[in-house]
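*Asks:* how would this look folded up:
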Amino acid sequence: MNDGVNGVALAVFIFFFVLVTAMGFLAARWRRAANDQSLDEWGLGGRSFGTWVTWFLLGGDLYTAYTFVAVPAAIYAAGAAGFFAVPYTILVYPLIFTFLPRLWSVSHKHGYVTTSDFVRGRFGSKGLSLAVAVTGILATMPYIALQLVGIQAVLDVMGVGGGEDTNWFIKDLPLLIAFGVLAAYTYSSGLRAPALIAFVKDTLIYIVIAVAIIYIPIKLGGFDAIFAAANDKFTESGNGGLVPDHGGQWTYATLALGSALALFMYPHSITATLSSRSREVIRRNTTILPLYSLMLGLLALLGFMAIAAGVKVENGQLAIPQLFENMFPDWFAGVAFAAIGIGALVPAAIMSIAAANLFTRNIYKDFIKPDATPAQETKVSKLVSLLVKVGALVFVLGMDKTVAINFQLLGGIWILQTFPALVGGLFTRWFHRWALLGGWAVGMVYGTVAAYGVASPTQKHFGGSSEEIPGIGEIGYIGLTAFVLNVLVTVVLTFVMRALKAPDGVDETKPGDYTADAGDPGVETELPPATAGNSH
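*Replies:* Have a look, this model is predicted:
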C-alpha cells in the first residue's frame with residue numbers, strides 16, 4: 001500500500017459522496033405524495049417506480065459494494081471456484097420470473113409491505129409470519145455490516161484514518177461520517193433516496209468495469225499473461241490450478257443453486273420489487289436484469305488481474321481497491337473508489353428500510369400495538385431503520401471483519417429456510433401452517449449447528465458455509481442441505497396434520513389476486529395506501 005493519503009483520489013471520492021448525499025436529501029421531494037405518512041410512501045416509494053427506476057434500484061440492491069469487493073477477492077484467493085456468483089445470478093432470473101409477478105400482484109391487492117405480511121395473510125398464522133420476519137431481520141443485519149466493511153476497505157487503501165496505531169476515533173471517523181449521512185437521508189427520504197442514488201452508483205460501476213477490463217489487461221500484457229500468472233500461483237499453492245478439482249465441484253454447484261434460491265428471499269430484494277408500479281414492470285425487469293450478470297462476470301476477472309499485477313494484501317477484501325490504486329491514475333482511482341463507496345450506501349439504505357418494515361408490520365403491529373395508525377407505523381419504521389444501522393456499525397467497529405463475513409454466510413443459510421412458506425404459498429396452500437413452521441425450525445437448527453462446526457484457519461466456529469452432505473459424502477452448501485431437510489419435514493408434517501385434521505388458518509387471498517395488475521378493477525380501490533396498514 002502507498003504511504004499517506006492519496007489526495008487526488010480522496011478529493012474525487014468526496015465530490016461524488018457529496019453529490020449523492022445531496023441527491024439523497026432531495027429525493028424526499030421526488031414523486032412526493034400528498035400524504036407521505038405511510039409505509040407505502042416511505043418504505044416502498046409509493047409503489048410508483050417504473051421499469052428503469054426499478055432496474056437501477058434492484059441492481060443497486062443486489063450488486064453491492066460487498067459484491068464489488070468480495071467476488072473478485074474470492075477469485076484472488078481461490079481461483080475459478082469464486083465464479084459461483086456468476087452462474088447463480090444467471091439461474092435466479094428465470095426462477096423469479098415464475099413467482100415475483102404473483103407476489104407483486106397479491107401484495108398490491110392487499111396492501112402487503114413485507115413477505116411476512118403475505119405469509120400471515122395466506123396461512124392465517126402470526127407465528128409463521130413472525131418466524132419469517134425474525135429470520136429476515138437476522139439475515140439482513142450482517143449484510144448491512146458488510147456494506148460498511150466495503151466503505152472501510154476503500155478508505156483504508158486511500159490512506160484515510162491513519163495506521164493501526166491511530167486513535168480509534170480518528171481512524172473510524174470517516175466511516176462514522178458516512179454512516180451519519182446515510183442514516184439522515186434514509187430517515188428523511190425513505191426508499192426514494194437509494195432509488196435516485198442508484199442511477200449514479202450503477203453508472204459509475206459500469207464505467208469503472210468497462211475501463212478496467214480494457215485498460216488493466218493492456219498494462220499487464222493481455223489476458224494470456226493474466227491467466228498464466230494466476231494459474232502459476234494456484235499451481236504452486238497446491239490448488240491444482242485455476243479450475244477446482246472434482247472434490248470442489250459439489251461445493252461449487254450446491255453453493256450456486258442454494259444462493260440462487262436464497263437471493264430473492266432477502267427482505268431488501270422484495271422491498272425493491274414491491275416498489276414497482278405494475279406487474280409488467282416486474283416481468284420486464286426479470287428479462288433485463290441479466291445485464292448485471294455480464295457485468296459481474298467481468299468484475300470477477302479483476303481477481304486474476306490483481307494476481308498478475310502482484311497485489312499483496314493480508315486482507316483479501318483489500319485486493320481490488322489496491323489494484324485500482326496501483327493501476328489507475330489517481331483521479332480515476334478516485335472514481336473507482338466512489339463507485340464502491342456509493343455501491344455500499346444504496347443497498348445499506350434499502351436493507352435498513354426492509355428490516356425496519358419487517359419489525360414494524362410483523363412485530364410491532366402484530367404483537368405490540370395492533371391498532372397502530374399508518375403514521376405511527378411510519379414513525380416506528382424510521383426509528384428502527386436508524387437502530388438497525390447503528391447495530392451494523394457497532395458490529396463493524398467492534399468485531400473482526402472475518403466475523404462479519406461469516407455471519408453474512410450464516411444469514412444466507414437462514415434466509416433460504418423461508419423459501420417454502422413464501423414461494424410455496426404463492427402457488428399452493430396445501431402445506432399446513434404448522435408443518436411450515438416445523439420445517440423452518442428444523443432447517444434453521446440444522447443449518448446453524450452445521451455452520452457452527454465448520455472451522456477455518458482463522459476461526460474455530462462459523463468458518464465457512466460448506467460441510468459434508470449427509471448420505472452423499474460430498475462437500476456441499478449447508479444452506480441447500482438444510483433447505484432439503486426443511487422441505488422433507490414440511491411435507492411429512494403436512495400429511496400428519498391433514499390426517500389429524502389440524503385446523504387451517506384463514507386464507508384472506510383469492511386465486512384472482514395472484515394475477516391482478518394495477519389497472520384491474522378493484523385493485524386500486526380495495527385497500528387505499530392510507531389504510532393498508534390496518535388491513536389485518
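*Asks:* Around residue 19, how many other residues sit close by?
*Replies:* For residue 19, the tally of surrounding residues (other Cβ atoms under 10 Å) stands at 14. (Each C-beta comes from the backbone N, C-alpha and C, glycine too.)
*Asks:* Contacts only, for the nearest residue to it once chain neighbours are set aside.
*Replies:* For residue 19, ignoring the flanking residues on the chain, the nearest one in space by Cβ to Cβ, 6 or more residues apart in numbering is residue 200 at 6.9 Å. By Cβ atoms under 8 Å, 6 or more residues apart in numbering, the residues touching residue 200 are 16, 19, 20, 23, 342.
*Asks:* Find the nearest non-adjacent residue to the first one, please.
*Replies:* Same thing as residue 16. The spatial neighbour of residue 16 that comes closest, neighbours along the chain excluded (Cβ to Cβ, 6+ apart), is residue 338 at 3.7 Å.
*Asks:* May I ask which helix or strand encompasses that neighbour?
*Replies:* Secondary structure assigned from DSSP states H and E places residue 338 in helix 330-359.
*Asks:* Distance from the chain centre to the helix or strand just after that helix, please.
*Replies:* Next in sequence after helix 330-359, counting helices and strands by DSSP H and E, comes helix 374-398. What separates the centre of helix 374-398 from the centre of its chain is 17 Å, taken as Cα atoms, centre = their mean, to the nearest Å.
*Asks:* ok, back up a step: hmm, residue 10 and the residue nearest to residue 16 touching each other?
*Replies:* No. Here residue 338 lies out of contact with residue 10, judged by Cβ atoms under 8 Å, at a distance of 10.2 Å.
*Asks:* Those two: which is more packed in?
*Replies:* Neighbours were counted for residue 338 and for residue 10 using other Cβ under 10 Å; residue 338 has more, 25 against 19.
*Asks:* could you measure that one against residue 346, distance?
*Replies:* Residue 338 sits at a distance of 12 Å from residue 346 (criterion: Cβ to Cβ, to the nearest Å).
*Asks:* And residue 460, by the same measure?
*Replies:* Note on residue 460: its distance to residue 346, by Cβ to Cβ, is 35 Å.
*Asks:* do the same with residue 79
*Replies:* On the measure of Cβ to Cβ, residue 79 and residue 346 end up 30 Å apart.
*Asks:* Between the two, which is the more surrounded one?
*Replies:* Applying other Cβ under 10 Å to residue 79 and residue 346 shows that residue 346 carries more neighbours, namely 31 against 25.
*Asks:* Model confidence score at residue 526, please.
*Replies:* For residue 526, the pLDDT comes out at 42.
*Asks:* and what of the one 3 residues further on?
*Replies:* Each residue has a pLDDT score; the one for residue 529 is 38.
*Asks:* Also the one 3 residues further on?
*Replies:* At residue 532, the predicted lDDT confidence score is 37.
*Asks:* How many residues are close by residue 15?
*Replies:* By the other Cβ under 10 Å criterion, the neighbourhood of residue 15 contains 12 residues.
*Asks:* Next up, the contacts around it.
*Replies:* Residue 15 makes contact with 334, 338, according to Cβ under 8 Å, 6+ apart.
*Asks:* what number of residues lie near residue 511?
*Replies:* Using other Cβ under 10 Å, the number of residues around residue 511 comes to 6.
*Asks:* Can you tell me the SS state at residue 461?
*Replies:* Applying DSSP: H, G, I helix; E, B strand; the rest coil to residue 461 yields a three-state assignment of coil.
*Asks:* And for it, nearest residue in space, chain neighbours not counted?
*Replies:* Nearest-residue entry for residue 461: residue 452, 5.1 Å, with adjacent residues in sequence omitted and distances by Cβ to Cβ, 6+ apart.
*Asks:* The one you found contacts residue 462, doesn't it?
*Replies:* Yes. With contact defined as Cβ under 8 Å, residue 452 counts as touching residue 462 (6.1 Å).
*Asks:* Neighbour count for these two, which is higher?
*Replies:* When neighbours are counted by other Cβ under 10 Å, residue 462 comes out ahead of the other of residue 452 and residue 462, with 20 against 13.
*Asks:* Just list the residues touching the nearest residue to the more buried one once chain neighbours are set aside, thanks.
*Replies:* The spatial neighbour of residue 462 that comes closest, neighbours along the chain excluded (Cβ to Cβ, 6+ apart), is residue 406 at 4.5 Å. Contacts of residue 406 were listed using Cβ under 8 Å, 6+ apart, and they are 459, 462, 463, 464.
*Asks:* Helix, strand or coil: sort out the closest residue to the third one other than its chain neighbours for me.
*Replies:* The one in question is residue 463. The shortest distance from residue 463 to any non-neighbouring residue, by Cβ to Cβ, 6+ apart, is to residue 456 (3.0 Å). For residue 456, the assignment made with three-state DSSP gives coil.
*Asks:* Run a quick neighbour tally on residue 456.
*Replies:* 12.
*Asks:* got it, and the one 4 residues further on?
*Replies:* For residue 460, the number of neighbouring residues by other Cβ under 10 Å comes to 10.
*Asks:* What are the phi and psi values at the residue nearest to residue 463?
*Replies:* phi -140, psi 170 (degrees, to the nearest 10).
*Asks:* my guess is residue 263 contacts residue 93, does it?
*Replies:* No. Counting by Cβ under 8 Å, residue 263 sits too far from residue 93 to count as a contact (9.9 Å).
*Asks:* What strand or helix carries residue 73?
*Replies:* For residue 73, the host element (DSSP H and E) is helix 65-78.
*Asks:* next helix or strand past that helix?
*Replies:* Downstream of helix 65-78, the first helix or strand assigned by DSSP H and E is helix 85-110.
*Asks:* Averaged pLDDT, the helix or strand that that next one is followed by. What do you get?
*Replies:* Next along the chain after helix 85-110, taking DSSP H and E as the criterion, comes helix 115-123. Average pLDDT, helix 115-123: 96.
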